[in-house]
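1. Provided below are the primary sequence and the corresponding predicted coordinates.
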Amino acid sequence: MLVFIVKRVLNAAGVMLAVAALAFATFRFVGDPVEMMLNEQASLSQRQELRERLGLDRSLPAQYAAFVVNAAQGDFGISYRNQQDVFPLIVERFPATFELVIVATVLSLLIGLPLGVYTAIHRRSAFAQLLQWVSVLGVSLPSFAVGILFILVFSVSLGWLPAFGRGQVVQLGWWSTGFLTKSGLTALILPGITLSQCQITLVMRLVRAEMLEVMRTDFVRFARARGLPERAVRFRHALRNCLMPVITVTGLQVGNLIAFALVTETVFQWPGMGLLFVQAVSFVDIPVMAAYLMVVSAVFVAVNMLVDLTYGLVDPRLRQDAVTGGGHGK
Amino acid sequence: MASEAGALRRFAASPLGWSFLHTPSAMVGALLLALLVLGAAFAPLIAPQNPYDLSQIFIDKAELPPVWLPDGEWPFLLGTDPQGRDILSVILYGSRVSLMIGVASVLLAMLIGVSIGLAAGFLGGVVDNLLMRLADTVLSIPTLLVAILVSAVFRGLLPPGLRDSFAPLILVAAIGLTGWVQYARTVRASTMVERRKEYVLAARIIGVSRGRIMRRHVLPNAMTPVLVAATLNLGLAILSEATLSFLAVGMPVTQPSLGTLIRIGNQYLFSGSWWVVVFPAVQLGLIVLSVNLLGDWLRDALNPKLR
């Protein structure tokens, strides 16, 4: 077990080093950092000084090593655009993105689970067939287009819900939350639904597939044979057994949702990390881009690792495979 | 003509054809996709206006609503945008861009993925280990992020004047370079099964070269899941292109894809000109929907486990 944990952690560290290499390469080779940071009038000696301060006169491996060490301490340099430290800039935006992701995750479970159970139990009913069609629609419609349509209907035409921003937020230490005010909550509705759209479909399809599988197993048949009411069979026996994969996938998707939130944030001008990143991209503000890439990948990799470790703890058979990375079926 | 009818009859009689004719969603998807592709392919002939030709655009016809609304004007069926371009024409031309980039990036991803998968599965050992670790790493980072980054990096490297003309290539590279892992994994898995079979051994004994065995003997037997994945990924690739263009790291305004059109339309959301954004969005949704309907059917039809 210890070997498994060590291997898995090393693996995650390797991925993060690769991500850091990508971020470093972008920082180093897209444009000259010195030119980007100084204005045109800067003298040659100023340039030389900055070059030395950034360590650009050293060898590439040494620069990369310095980059990794600094990044691990949360030092991603200074934003080209507004000359601020990058990391606090991202940390400040983190709560907005995270709350959006939480809302989307909760919504996807609240809506996706019951729908998935329904379509699995009443497979042949007209409503279930309709839902299968709608679910294809759910993965086909681009989330930004759906967001725009929501704004058009609920904000522009009906005027019910705000079209942009977080509303009023309450500061709890360094964390700013929109959960505690009415305007904060109403502002969460449209972006939350937009972000959860794909996720709802995913949960629904997954629950349906898992339920169909479990309903065929012997212990469900045996539960029926014991004369248990159908309700109990479905919910106490069948559903419980599909919850594990659903929870896993939902957990794994958190990382993806954080990354994907940048699209929703752009549509709704939501002041999260994603919007910061998109703006950084349009200004070629490389330190912010690099830092965002590192932070989101770190969350992503950490979540994946935790899920793998938990699984390894629960199911010893996985300890071999998960690390050798074969991905041989399930 | 006669042979075409014969081919059609043969298709209808094959298991795949039978399943196609008994799956309404597949037929709807195919019909819809055929219509949309034809519309895009023949855009110069069908479109009422060439949106790239400034002499055909009249600024006094700007922001007209669709014809069925009070201020609508013929021949601007779906209205015009604030530059006076006919929405229907822009959509037809935009679908062309979206579809071409989508197909090209799937082909690139397939080419990379299949080569890597074949090499990993056939050569095994260190090569396999290295390539699959690379695949794991790519999977460990959200694809959308990498695609945006690749696109931003290429754009940053090019001088501003060239960015627009290279935009399609950049997009294909960004989407293709992030989407190959799935192909690599399926091809690797089937290659590992195939390479132990007698026909490969036989080919080896008579002295066929490794490269030729991989390409001509093993590959054809590993292609079915690849094609299914490619169909399903085409929808995703078109969505990725649209997303990148929507985020302004994709196609430029001068050569708009559907994503670019939605980004432009988004700016007029609050001015009441809803048609500028709604119709491109609907078209994009229809394209991806029809591809996905076909892909879903193909996956179910070719996967005997699900039958």
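-> Sure thing, it's come through.
2. Report the buried residues of stretch B:99-116.
-> Across stretch B:99-116, burial judged by 16 or more other CB atoms under 10 Å in any protein chain shown covers B:99-106, B:108-110, B:112-116. (Glycine included, C-beta is placed from N, CA and C.)
3. okay, now A:L149: neighbour count?
-> 18 (other CB atoms under 10 Å in any protein chain shown).
4. helices or strands next to whichever helix or strand it is part of in the packing?
-> Assigned by DSSP states H and E, A:L149 belongs to helix A:143-150. When contacts are defined as 3 or more CB pairs under 8 Å, 6 or more residues apart in numbering or on different chains; DSSP states H and E, helix A:143-150 sits against helix A:182-215, helix A:240-267, helix B:219-246, helix B:258-266, helix B:275-302.
5. circling back to that earlier point, which of the buried residues of stretch B:99-116 are close to chain A?
-> With CB under 8 Å from any CB of the partner chain as the criterion, no member of the buried residues of stretch B:99-116 is in contact with chain A.
6. Read off the pLDDT value for the residue nearest in space to the middle of chain B.
-> Central residue of chain B (CA atoms, centre = their mean): B:G102, 2.6 Å from the mean position. Per-residue pLDDT puts B:G102 at 92.
7. out of everything not next to it in sequence, what's closest to residue 181?
-> Since you didn't name a chain, this refers to chain A. The shortest distance from A:T181 to any non-neighbouring residue, by CB to CB, 6 or more residues apart in numbering or on different chains, is to A:Q168 (4.4 Å).
8. Chain B is the one I meant
-> B:V181 sits nearest to B:A135 (CB to CB, 6+ apart), 4.6 Å away.
9. And the helix or strand hosting that neighbour, what's buried?
-> Taking DSSP H and E as the criterion, the element that holds B:A135 is helix B:125-139. Buried positions in helix B:125-139, judged by neighbour count with 16+ other CB under 10 Å: B:128, B:131-132, B:135-139.
10. and if you look at stretch B:178-196?
-> B:178-192, B:194-195.
11. same check, this time on stretch B:22-36
-> Neighbour-count burial for stretch B:22-36, counted by 16+ other CB under 10 Å, picks out B:23, B:25-26, B:29-30, B:32-33, B:36.
12. Narrow these to those in helices?
-> Within those, residues falling in helices by DSSP state H are B:25-26, B:29-30, B:32-33, B:36.
13. next structured bit after the helix holding B:A135?
-> helix B:143-157.
14. Whether that following helix contacts chain A - can you check?
-> Yes. For helix B:143-157, a contact with chain A is found by CB under 8 Å from any CB, at B:144-146, B:148-149, B:152-153, B:156-157.
15. out of those residues, which is most surrounded?
-> Neighbour counts for the residues of helix B:143-157 next to chain A (other CB under 10 Å) peak at B:I148, which has 28 neighbours.
16. my read: it touches B:A248, true?
-> No. B:I148 is beyond contact range of B:A248, at 10.3 Å (criterion: CB atoms under 8 Å).
17. list residues touching both of these two?
-> Counting by CB atoms under 8 Å, 6 or more residues apart in numbering or on different chains, the contacts common to B:I148 and B:A248 are A:V281.
18. Close to chain A: what parts of the stretch 1-150 of chain B are there?
-> B:25, B:132-133, B:136-137, B:140-142, B:144-146, B:148-149.
19. from those residues, which is closest to chain A?
-> B:P142 (3.4 Å; CB to the nearest CB).
20. From A:L109, how far out is the closest one?
-> According to CB to CB, to the nearest Å, B:P142 and A:L109 sit 21 Å apart.
21. got it, and B:T191?
-> 39 Å.
22. Looking at the residues of the stretch 1-150 of chain B next to chain A, point me to the pair that's furthest apart.
-> Maximum pairwise distance among those (CB to CB): 39.0 Å, between B:S25 and B:R133.
23. Is any residue of stretch A:61-68 near chain B?
-> No. Applying CB under 8 Å from any CB, one finds stretch A:61-68 out of contact with chain B, separated by at least 15.7 Å.
24. do the same with stretch A:91-107
-> No. Judged by CB under 8 Å from any CB, stretch A:91-107 stays clear of chain B, getting no closer than 12.5 Å.
25. What ranges in the stretch 201-307 of chain B fall below the confidence cut-off?
-> Applying pLDDT under 70 to the stretch 201-307 of chain B flags the ranges B:303-307.
26. Would you mind pulling the contact partners of stretch A:267-274?
-> So stretch A:267-274 is contacted by A:90, A:93-94, A:96-97, A:100, A:144, A:147-148, A:151, A:163-166, A:190-191, A:194, A:258-259, A:261-266, A:275, A:292, A:295-296, B:266 (CB under 8 Å, 6+ apart).
27. Show me how far it is from its chain's centre.
-> Here stretch A:267-274 is found 14 Å from its chain centre; the criterion is CA atoms, centre = their mean, to the nearest Å.
28. Could you do stretch A:292-301 as well?
-> On CA atoms, centre = their mean, the centre of stretch A:292-301 falls 9 Å from the chain's centre.
29. Which positions in it come out as buried?
-> So, applying 16+ other CB under 10 Å, buried residues of stretch A:292-301: A:292-301.
30. Now render these as a markdown table, adding secondary structure, pLDDT and distance to A:M1.
-> Output for the buried residues of stretch A:292-301, formatted as a markdown table (DSSP: H, G, I helix; E, B strand; the rest coil; pLDDT from 0 to 100; distance: CB to CB, whole Å):
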| residue | secondary structure | pLDDT | distance to A:M1 |
| --- | --- | --- | --- |
| A:Y292 | helix | 87 | 35 |
| A:L293 | helix | 86 | 32 |
| A:M294 | helix | 86 | 30 |
| A:V295 | helix | 87 | 30 |
| A:V296 | helix | 86 | 30 |
| A:S297 | helix | 86 | 27 |
| A:A298 | helix | 86 | 24 |
| A:V299 | helix | 86 | 25 |
| A:F300 | helix | 84 | 24 |
| A:V301 | helix | 85 | 21 |
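31. now the contacts of stretch A:267-274: which count as buried?
-> A:90, A:93-94, A:96-97, A:100, A:144, A:147-148, A:151, A:163, A:165-166, A:190-191, A:194, A:258-259, A:261-266, A:275, A:292, A:295-296, B:266.
32. Pull up the gap between B:A189 and chain A, please.
-> Using CB to the nearest CB, to the nearest Å, B:A189 is found at 7 Å from chain A.
33. That residue reaches B:D128, doesn't it?
-> No. Applying CB under 8 Å, one finds B:A189 not in contact with B:D128, separated by 11.6 Å.
34. Overlap of the contact sets of those two?
-> Contact with both B:A189 and B:D128 is made by residues B:G121, according to CB under 8 Å, 6+ apart.
35. Those residues of the stretch 1-150 of chain A touching chain B, which are they?
-> Residues of the stretch 1-150 of chain A lying near chain B by CB under 8 Å from any CB: A:11, A:14-15, A:18-19, A:22, A:26, A:29-31, A:133, A:136-137, A:139-142, A:144-145, A:148-149.
36. Kindly write the ChimeraX command that selects the buried subset of these.
-> Command for ChimeraX that selects the buried part of the residues of the stretch 1-150 of chain A next to chain B, burial taken from 16+ other CB under 10 Å:
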select /A:11,15,18,19,22,26,30,136,139,140,141,142,144,145,148,149
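37. Could you tell me which of the residues of the stretch 1-150 of chain A next to chain B belong to helices?
-> The helices, defined by DSSP H, take in A:11, A:14-15, A:18-19, A:22, A:26, A:29, A:133, A:136-137, A:139-140, A:144-145, A:148-149 from these.
38. ok and the helix or strand harbouring B:A120 relative to helix B:258-266, angle-wise?
-> In this assignment (DSSP H and E), B:A120 forms part of helix B:87-123. Orientation check (axes from the mean of the first three to the mean of the last three CA atoms, to 10 degrees): helix B:87-123 against helix B:258-266 gives 140 degrees.
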